[in-house]
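**Q** A structural model of the following input is requested.
(one chain, ligands or ions: 1)
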Amino acid sequence: MSGLSPTVHSLTSELRLAPFRTGMPAMDTTSLEVWGRLLARRCRNATREILVHGDPAGLWRLRVQIAQYVGAARGVLCDPQQVVIVSGSQQGIDLVARVLLDPGDAAVVEDPGYLGGRFALRAAGIEIVPKRVGREGLCVEKLPKKAKRIKLVYVTPSHQFPLGMVLSLTKRLQLLAWAACNNTWILEDDFDSEFRYESRPISALQGLDEHGRVIYVGTFSKILFPSIRLGYLIVPKNLVSAFVAARSLCDRSSPIIEQAALADFISEGHFASHIRRTRTYYLERRNLMINLLRQELDGVVEVPDIEAGMHMVAWLPRGVDDSCVSREAAKRRIYAVPVSVYAIRPLGRGGLMLGYAAFSKAAIRKGIQELAAVIKSCIN
Ligand SMILES: Cc1ncc(COP(=O)(O)O)c(C=O)c1O
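**A** Numbers count the residues shown, from 1 in each chain. Just a heads-up that it's a prediction; the model follows:
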């Protein structure tokens, strides 16, 4: 493609291959009905304040609700002024790259890790430094002692994407100390932390940070639905004005009617009951899928316990190509994403990422049966 920069050219061809449909939430009809009612009420009673360009930082009422929610649920310490509403995490990550980093700076990312985050950083001209994840998440001990060029670490500590482990408290504290020592930013992506099934969540990195190095990004894509395109950044106080200015230059603000309806959804208690209801729903599906995989593919795949989220990873026997299994599964309309697509360096073992949140129990039963047949045929 003539005229395109090499970065844009390579990102465009890779993006075409990127599977962005993993981890879809369930379409909860009860909540969708409420959402429709609240949205219609806001449109019917639209005031001038709601119809003109809004505050680029977001609707104040929504920022207040979010600050309260993340404080209570995630141990995030902030006042509403530090909350900047964005059009999903994707815009949040893009803003962080452009406000805090310069082209040519380097950022550490988890390997394997979230493509959307990595691509946004690359698009901003940031050099990617991959670091392995182990049982306790990002291998913090592998970070260089002195990190002159590394300006950012992008992590998913509450539920590593895509492998699902939780960054331990010890590693969280080590990472924060390292960032303070090296004057490095940490971008904490807390994308689906609402759905924890076993233990109480560890406090967000943001709430443990004493040096103002953490930018927290949250989204409503997983809790509600991705097309809502509403998320938020929580930024240190001294960075608020820079982020709000960048937000304004980008696209002025996120849609105000949706922000107002979302603030109503949270303040009227629908959000809390939605989370309670979907958590139970997902837990049943998670248990069903784990049990079926362990029954149907006993001794063939390895399914680590998962504490959180909306998907799991099934590790294939060594030597089996996960892309090949994924392609065969797709022919039977089973969507199993090869873990290798998220990896920068070879993983040594293939795995499949399997979403369970958006499927009925019957669909999960049928899907796992068919997947088992596909995997067995790929081994023989
Ligand atoms: C790690 C991670 N972060 C964030 C998101 C959500 O992105 P957005 O808010 O832009 O829809 C996803 C969605 O798949 C994700 O997997």
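**Q** hey, let's count contacts and neighbours off CA atoms from now on
**A** Fine.
**Q** what sits up against the lengthiest strand in the chain?
**A** In the chain, taking DSSP state E as the definition, the longest strand is strand 127-134. Residues from elsewhere that reach strand 127-134 (CA atoms under 8 Å, 6 or more residues apart in numbering): 104-112, 118, 121-122, 138-139, 142-143, 344.
**Q** and if we set it to 7 Å?
**A** 104, 105, 106, 107, 108, 109, 110, 111, 138, 139, 344 (CA atoms under 7 Å, 6 or more residues apart in numbering).
**Q** List the residues that contact the fourth one.
**A** Read that as residue 107. Taking CA under 7 Å, 6+ apart, one finds 126, 127, 128, 129, 150, 151, 152, 153 in contact with residue 107.
**Q** My guess is the fifth one contacts residue 105. True?
**A** Yes - taking contact to mean CA atoms under 7 Å, the distance of 6.5 Å between residue 150 and residue 105 places them in contact.
**Q** Looking at those two now, which is surrounded by more residues?
**A** Per other CA atoms under 10 Å, whichever of residue 150 and residue 105 has more neighbours is residue 150, with 24 against 18.
**Q** beta partners of the more buried one?
**A** Beta-bridge partners of residue 150, counted by DSSP bridges, are residue 106.
**Q** So which bits of the stretch 51-200 of the chain are right by the ligand?
**A** Residues of the stretch 51-200 of the chain lying close to the ligand (CA under 6 Å from any ligand atom) are 88, 89, 90, 114, 161, 189, 191.
**Q** May I ask which two of those are separated the most?
**A** Spatially, the most separated pair among these is 88 and 161, at 16.6 Å (CA to CA).
**Q** of all the residues in the stretch 201-350 of the chain, which ones are close to the ligand?
**A** So the stretch 201-350 of the chain meets the ligand at 219, 221, 226, 231 (CA under 6 Å from any ligand atom).
**Q** Nearest spatial neighbour of the first one, chain-adjacent residues omitted?
**A** When the adjacent residues along the chain are set aside, residue 219 lies closest to residue 231, with 3.9 Å between them (CA to CA, 6 or more residues apart in numbering).
**Q** other SSEs contacting the strand or helix carrying residue 266?
**A** Assigned by DSSP states H and E, residue 266 falls within helix 256-267. Packing partners of helix 256-267 (3 or more CA pairs under 7 Å, 6 or more residues apart in numbering; DSSP states H and E): helix 29-44, helix 60-74.
**Q** right, so those helices: which one is the most enclosed?
**A** helix 60-74 (a mean of 18; mean count of other CA atoms under 10 Å).
**Q** After it, which helix or strand is next?
**A** Next element after helix 60-74 (DSSP H and E): strand 83-86.
**Q** by contact count, what packs against that next one?
**A** Secondary elements touching strand 83-86 (3+ CA pairs under 7 Å, 6+ apart): strand 231-234.
**Q** Okay, now the unreliable bits of the stretch 251-380 of the chain?
**A** For the stretch 251-380 of the chain, applying pLDDT under 70 flags no range at all.
**Q** In contact with the residue nearest the centre of the chain: list those residues for me.
**A** With distances taken as CA atoms, centre = their mean, residue 191 lies nearest the centre of the chain, 3.3 Å away. Residue 191 is in contact with 218, 219, 222, counting by CA under 7 Å, 6+ apart.
**Q** swap the cut-off to 6 Å and go again
**A** 218, 219 (CA atoms under 6 Å, 6 or more residues apart in numbering).
**Q** Work out for me the element it sits within.
**A** Judged by DSSP H and E, residue 191 forms part of no helix or strand.
**Q** Please apply the same query to residue 146.
**A** Secondary structure (DSSP H and E) places residue 146 outside all helices and strands.
**Q** swap in residue 178?
**A** Using DSSP H and E, residue 178 sits in helix 169-182.
**Q** Next, the buried residues of that helix.
**A** By 16 or more other CA atoms under 10 Å, the buried positions in helix 169-182 come out as 169, 171, 172, 175, 176, 177, 178, 179, 180, 182.
**Q** out of the residues you listed, who's nearest the ligand?
**A** residue 172 (17.7 Å; CA to the nearest ligand atom).
**Q** if I pick that closest one, what's in contact with it?
**A** Contacts of residue 172 (CA under 6 Å, 6+ apart): none.
**Q** re earlier: just give me the closest of the contacts of strand 127-134 to the ligand.
**A** So of the contacts of strand 127-134, ranked by how close each gets to the ligand (CA to the nearest ligand atom), first place is residue 110, at 10.6 Å.
**Q** tell me which element that closest one is part of?
**A** strand 106-111.
**Q** What is the most widely separated pair among the residues of the stretch 201-350 of the chain next to the ligand?
**A** Among these, 226 and 231 lie farthest apart (CA to CA), at 9.9 Å.
**Q** between those two, which one's more packed in?
**A** residue 231 (24 against 16).
**Q** give me every residue that touches that one.
**A** Here residue 231 is in contact with 85, 86, 87, 88, 89, 218, 219, 220 (CA under 6 Å, 6+ apart).
**Q** Let me know whether the first one touches residue 56 as I believe.
**A** In this case it means residue 85. No - Residue 85 is beyond contact range of residue 56, at 7.8 Å (criterion: CA atoms under 6 Å).
**Q** neighbour-wise, which of these two wins?
**A** Using other CA under 10 Å, the more surrounded residue of residue 85 and residue 56 is residue 85, with 31 against 21.
**Q** Report the beta-bridge partners for the nearest residue to that one once chain neighbours are set aside.
**A** Using CA to CA, 6+ apart and skipping residues adjacent in sequence, the residue nearest residue 85 is residue 232, 4.4 Å away. For residue 232, the beta-bridge partners under DSSP bridges are residue 85, residue 218.
**Q** Is there a neighbour count for residue 232? I'd like the number.
**A** Neighbours around residue 232, by other CA under 10 Å: 24.
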